[in-house]
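Undergrad: Prediction below, plus the sequence it came from.
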Amino acid sequence: MTSFSHDESEACRRLVDLALAEDLGPFGDRTSRALIPAEAPGSAAFVARAPGIVAGLPAAAMVCAKLAFTPALDDGQPVQRGTVLATVAGSLREILAAERTALNFLQRLSGVATLTRRFVEAAAGSPARILDTRKTTPGWRLLEKYAVRMGGGHNHRLGLYDGILIKDNHLAGLGGDVQLAVTRARSAPGNDWLPVEVEVDTLEQLEEALTARADIVLLDNMPLGMMREAVLRRDAVSPETKLEASGGVSLDTAPAIAATGVDRISVGALTHSAPALDIALDFAIGAPAERL
């Protein structure tokens, strides 16, 4: 089973604890305690109900920590309807108590990975990488960015602390002076190792950013023709500068954007609009249980 990094594990542990406390409350699973004998064993399988890319098995394992959790594949692998993702065995009460929370993690993260893979495939044949953004669910950022990687995408900066991205509102505070913004960003203590990225929405701003030797220039909501011109100007002035397209990117527009020659395409929808992948927990005892 694919593993989380240390930071991802810590973030997941906090979310799992919060989610279980939220679901079980102070009294636990009243329904299962009333209906299921304490000693009753059970076993079940997490099963995909739709094709997609699986992500979140380490999170489901944390939710099922009191049970025997056995993954059947690794995160990042494609699944079809009916594919078994993992099995779980132990106390039937514990399985029922963990079911919804484990599915919430699996469905959400698999949904992000699945949508990411669709964007990666839409840009296939070009050098453009698909990147996420900071438009993540509060508290879930590390896990959602993990899911993006499982889908074949790449992570932009994790937060405000590990990257320099000079946006329009920063420039507004400096009177629109791109050169000054890049110079100040590079000279600030502790910033010497960070790439400097500048957001622009005109070719004039692009020229200023290229002259300032920004490491990355983000082309914000530019039409395709302007993007192609931006690539030509970059190649002529500062070929080492990376160009990133952003704003209004969809599965329909991604192929044409990738074809302009940009190096990166950042897509907020990967994390803020990914639909959950349909996954169920099928029980192996008696009649199949209804999903809770």
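TA: All right, it came through fine. Computed from a predicted structure; not experimentally measured.

Undergrad: in the protein, which segments are predicted with low confidence?
TA: Applying pLDDT under 70 to the chain flags the ranges 285-292.

Undergrad: ok, and for the top helix by length along it, which residues are buried?
TA: Longest helix of the chain, by residue count under DSSP state H: helix 92-122. Under the neighbour-count criterion of 16 or more other Cβ atoms under 10 Å, helix 92-122 has 92-99, 101-120, 122 buried. To be clear about C-beta, it is placed using only N, CA and C from the backbone, and glycine gets the same treatment.

Undergrad: by contact count, what packs against the helix or strand following it?
TA: As assigned by DSSP states H and E, the chain's next helix or strand after helix 92-122 is strand 129-131. The contact analysis (3 or more Cβ pairs under 8 Å, 6 or more residues apart in numbering; DSSP states H and E) places strand 129-131 against helix 92-122, strand 264-266.

Undergrad: among these, which is nearest C12?
TA: Evaluated over the helices and strands packed on strand 129-131, closeness to C12 peaks at helix 92-122, with 8.0 Å, by Cβ to Cβ.

Undergrad: Off-centre distance for that closest one?
TA: 12 Å (Cα atoms, centre = their mean, to the nearest Å).

Undergrad: same thing with stretch 138-150?
TA: The answer for stretch 138-150 is 4 Å, by Cα atoms, centre = their mean.

Undergrad: What are the buried residues along that stretch?
TA: For stretch 138-150, the neighbour count (16+ other Cβ under 10 Å) marks W140, R141, L142, L143, E144, K145, Y146, A147, V148, R149, M150 as buried.

Undergrad: can you pull the contacts of the third one?
TA: So that's L142. D7, E8, A11, C12, L158 (Cβ atoms under 8 Å, 6 or more residues apart in numbering).

Undergrad: So E199 versus A254, what's the distance?
TA: Going from E199 to A254 by Cβ to Cβ, to the nearest Å gives 19 Å.

Undergrad: What is the end-to-end distance of stretch 266-275?
TA: 18 Å (Cα to Cα, to the nearest Å).

Undergrad: on that earlier part again, which one among the contacts of L142 gets closest to G76?
TA: If you rank those by distance to G76 using Cβ to Cβ, E8 comes first, at 14.0 Å.

Undergrad: ok, now which ones touch R149?
TA: When contacts are counted by Cβ under 8 Å, 6+ apart, R149 touches G76, N155.

Undergrad: hmm, I was thinking of G139
TA: A11, R14, L15.

Undergrad: Dihedrals phi and psi, the first one?
TA: Right, the one you point to is A11. Per-residue torsions, A11: phi -60, psi -40 (degrees, to the nearest 10).

Undergrad: Correct me if wrong: it contacts L143.
TA: Yes: using Cβ atoms under 8 Å, A11 is in contact with L143, at 6.3 Å.

Undergrad: Relative to R234, how far out is D201?
TA: Remark: distance between D201 and R234 (Cβ to Cβ) = 15 Å.

Undergrad: Show me which of these two is the more surrounded one.
TA: Shown here are D201 and R234; by other Cβ atoms under 10 Å, R234 has more neighbours (23 against 15).

Undergrad: Next, the buried residues of stretch 171-191.
TA: L171, V178, A181, V182, A185, R186.

Undergrad: Spatially, which two of those are the most separated?
TA: By the measure Cβ to Cβ, L171 and R186 form the most distant pair in the buried residues of stretch 171-191, at 15.4 Å.

Undergrad: dump the residue contacts of A11.
TA: Shown in contact with A11 (Cβ under 8 Å, 6+ apart): G139, R141, L142, L143.

Undergrad: Put together JSON lines for those, with distance to G190 and secondary structure on each row.
TA: JSON lines is the format used below for the contacts of A11 (distance: Cβ to Cβ, whole Å; DSSP: H, G, I helix; E, B strand; the rest coil):
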{"residue": "G139", "distance to G190": "26", "secondary structure": "coil"}
{"residue": "R141", "distance to G190": "22", "secondary structure": "helix"}
{"residue": "L142", "distance to G190": "22", "secondary structure": "helix"}
{"residue": "L143", "distance to G190": "27", "secondary structure": "helix"}
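
Undergrad: Right, I'll call it a day here.
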